[in-house]
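>>> When you get a sec, could you give me coordinates for this:
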Amino acid sequence: MTKIPKRRVVLLGATGSIGESTLRVITAHRDRLELIGVAAHSKQTELAEIARKFGVRHVGVYDPAAYSAACQSADFPAGTQFYGGANGLSELATLPEADIILIAVVGTAGLQPALAAIAAKKTIALASKEILVLAGKFVMEAARASGSRLLPVDSEHNAVFQCLEGHHPRDVRRLVLTASGGAFRDWPIAQLSTVTTADALRHPTWSMGPKITVDSATLANKGLELIEAQHLFGLQPAQCQAVLHTQSIVHALVEFTDGSLLAQLCPPSMTFPIQHALLYPDRAYTSTDSALALDRLLSLDFRPVDEQRYPCLRLAKEAMIAGGIAPAVFNAANEVAVAAFLEKRAPFLAIPQIIEQTLSHIKIFDPTSLEQVLTADTEARKIAHHFLSL
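Numbering: from 1, shown residues only. Take a look at the predicted model:
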């Protein structure tokens, strides 16, 4: 039997929830996967532990103070090469020996390393939805030009990817992403004014980082995912929809022009889409989480999204339809507002208000360069901060 060569992985965002799940997958498939590079924003102690466990010699730290501390630390394996800041992450993303780059960096910090990896013709496992929301037009154009492959890691987009295999895009009528509804799906709307940070971080199904957990409570994450799906799969805004599905077992459905629906099902664990992306096009037994047990009582329910309860989803869909820089403005304002909520500087219901005010104060246009998008992102953050201070 011919031995399958190991796929060498660089993991950007190693200490977050996606990073933790990725490490579980790599541990379960050490015969197929080799971790050669890791990066995090500032958690050098956790990075050192990962580097020792997996024998990693390439380590990136985004934060300058944490990078300096890591370089002076004796906790890393001897001979560790350190990479600092955004440029350091880009160097990691283009390591000549790397086969696949998994980008799980929170927010828009993953854009530069993603573009660097694309230019280097790397295969990218993409878990940072903000990259395509911010600059989907330019990222997809760059990927087509270089031949770099983007494999979606978000459970919903990975599900769509699996459902679409072997089908022509012209045969797709619509795709439907499922949403758990977050922490407040069953709260009376009148009580949302009393929401605390602790309340928002108690997700009923998934275990995720703080920012995405709040985004799940507002359904801003589903809006971002719809925008990402439009770019990933080359669809029109009207073809990208969302539905509530509280069990989080069906991750997406694709409806074809003949009326047939294909759905992808698996338990609500990120190890499933991560393993699919890292081993693609091969499949392997999962040993990290149990598969669905169909011999047990299993029910699936779906219901439409109430946009009165979830105004962030409405605003995201409006931004997707408007196009141009609108999705980037939505994302920037949301990041600012969520950060303020997590820091207890703004109430929960201020999040959609800040987003709507920011969108209304920026002229939407179709950018002709990435620089224009980044400028709009910066301006949107300034405006969002201004409204927060009122």
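
>>> got the domain boundaries for the protein?
7-128, 159-264+297-389 (automatic domain parsing).

>>> Can you say which of those domains is nearest to residue 275?
domain 7-128 (4.8 Å; CB to CB). Yep, even glycine has a C-beta here, placed from its N, CA and C like the rest.

>>> Pick the most deeply packed of the domains of the chain.
Ranked by mean neighbour count under mean count of other CB atoms under 10 Å, the domains of the chain are led by domain 7-128, which reaches a mean of 20.

>>> now the strands for this protein?
For the chain, strands defined by DSSP state E occupy the ranges 7-12, 33-40, 58-61, 81-84, 100-103, 123-126, 150-152, 172-179, 240-244, 250-256, 261-265.

>>> Tell me which residue is most central in the chain.
The centroid of the chain falls nearest to residue 128 when counting by CA atoms, centre = their mean (3.2 Å).

>>> Skip the chain neighbours and tell me the closest residue to it.
Counting by CB to CB, 6 or more residues apart in numbering, residue 110 is the residue found nearest to residue 128 once chain neighbours are left out, at 4.1 Å.

>>> Residue 11 and residue 110 touch, don't they?
No - counting by CB atoms under 8 Å, residue 11 stays clear of residue 110, with 11.8 Å between them.

>>> Are there residues contacting both of those two? Which ones?
Common contacts of residue 11 and residue 110 (CB atoms under 8 Å, 6 or more residues apart in numbering): residue 104.

>>> Next, the contact list for the residue nearest to the centre of the chain, please.
By CB under 8 Å, 6+ apart, residue 128 lies in contact with 13, 103-107, 110, 114.

>>> start to end distance for stretch 81-99?
Using CA to CA, to the nearest Å, the end-to-end distance of stretch 81-99 comes to 19 Å.

>>> And the average pLDDT for that stretch is what?
For stretch 81-99, the mean pLDDT works out to 96.

>>> about what we covered before: and the least confident of the contacts of residue 128?
At the low end of pLDDT for the contacts of residue 128 is residue 107, which has 71.

>>> Export the strands of the chain as JSON lines, with columns for distance to residue 192.
Listed next are these as JSON lines, based on distance: least, CB to CB, whole Å:
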{"stretch": "strand 7-12", "distance to residue 192": "35"}
{"stretch": "strand 33-40", "distance to residue 192": "33"}
{"stretch": "strand 58-61", "distance to residue 192": "38"}
{"stretch": "strand 81-84", "distance to residue 192": "41"}
{"stretch": "strand 100-103", "distance to residue 192": "33"}
{"stretch": "strand 123-126", "distance to residue 192": "32"}
{"stretch": "strand 150-152", "distance to residue 192": "31"}
{"stretch": "strand 172-179", "distance to residue 192": "17"}
{"stretch": "strand 240-244", "distance to residue 192": "16"}
{"stretch": "strand 250-256", "distance to residue 192": "26"}
{"stretch": "strand 261-265", "distance to residue 192": "31"}
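
>>> Low-confidence stretches in this structure?
1-2, 287-288, 297 (pLDDT under 70).

>>> Repeat the analysis, applying 90 as the threshold.
Within the chain, the ranges that satisfy pLDDT under 90 run 1-5, 17, 106-109, 128-130, 169, 182-183, 186, 201-212, 285-299, 390.

>>> that older thread, mind putting the domains of the chain in a markdown table, distance to residue 152 included?
Listed next are the domains of the chain as a markdown table, based on distance: least, CB to CB, whole Å:
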| stretch | distance to residue 152 |
| --- | --- |
| domain 7-128 | 6 |
| domain 159-264+297-389 | 5 |
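
>>> mind checking which of these is nearest residue 139?
Closest approach to residue 139 among these (CB to CB): domain 7-128, 6.5 Å.

>>> Tell me the span between the first and last residue of that closest one.
With CA to CA applied, domain 7-128 spans 21 Å between its terminal residues.

>>> same thing with stretch 291-298?
So stretch 291-298: terminal residues 13 Å apart, CA to CA.

>>> That stretch: how far from the chain's middle?
How far stretch 291-298 lies from its chain's middle: 28 Å, per CA atoms, centre = their mean, to the nearest Å.

>>> Can you spell out which helices and strands pack onto the biggest helix by length in the chain?
In the chain, assigned by DSSP state H, the helix with the most residues is helix 370-389. On a contact count with 3 or more CB pairs under 8 Å, 6 or more residues apart in numbering; DSSP states H and E, helix 370-389 meets helix 130-146, helix 326-342, helix 350-360.

>>> Return the distance of that helix from the chain's centre.
Offset of helix 370-389 from its chain centre (CA atoms, centre = their mean): 21 Å.

>>> and that helix with helix 130-146, angle?
180 degrees (axes from the mean of the first three to the mean of the last three CA atoms, to 10 degrees).

>>> what residues does helix 370-389 touch?
The contact list for helix 370-389 (CB under 8 Å, 6+ apart) reads 108, 134-135, 138, 325, 328-329, 331-333, 335-337, 340, 345-346, 350, 353-355, 357-358, 361-362, 367.

>>> CA atoms only for it - export them in CSV, please.
Provided in CSV are the C-alpha atoms of helix 370-389 (Å, rounded to 0.1, in the frame of the first residue of the first chain):
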residue,chain,number,x,y,z
LEU,A,370,-8.7,47.2,-2.1
GLU,A,371,-7.3,50.5,-0.7
GLN,A,372,-10.8,52.1,-1.1
VAL,A,373,-12.3,49.2,0.9
LEU,A,374,-9.8,49.6,3.7
THR,A,375,-10.4,53.3,3.8
ALA,A,376,-14.1,52.8,4.1
ASP,A,377,-13.5,50.3,6.9
THR,A,378,-11.4,52.8,8.8
GLU,A,379,-14.0,55.6,8.2
ALA,A,380,-16.9,53.3,9.3
ARG,A,381,-15.1,52.5,12.6
LYS,A,382,-14.6,56.2,13.3
ILE,A,383,-18.3,56.9,12.7
ALA,A,384,-19.3,53.9,14.8
HIS,A,385,-17.1,55.1,17.7
HIS,A,386,-18.6,58.6,17.3
PHE,A,387,-22.2,57.3,17.7
LEU,A,388,-21.1,55.2,20.7
SER,A,389,-19.8,58.3,22.4
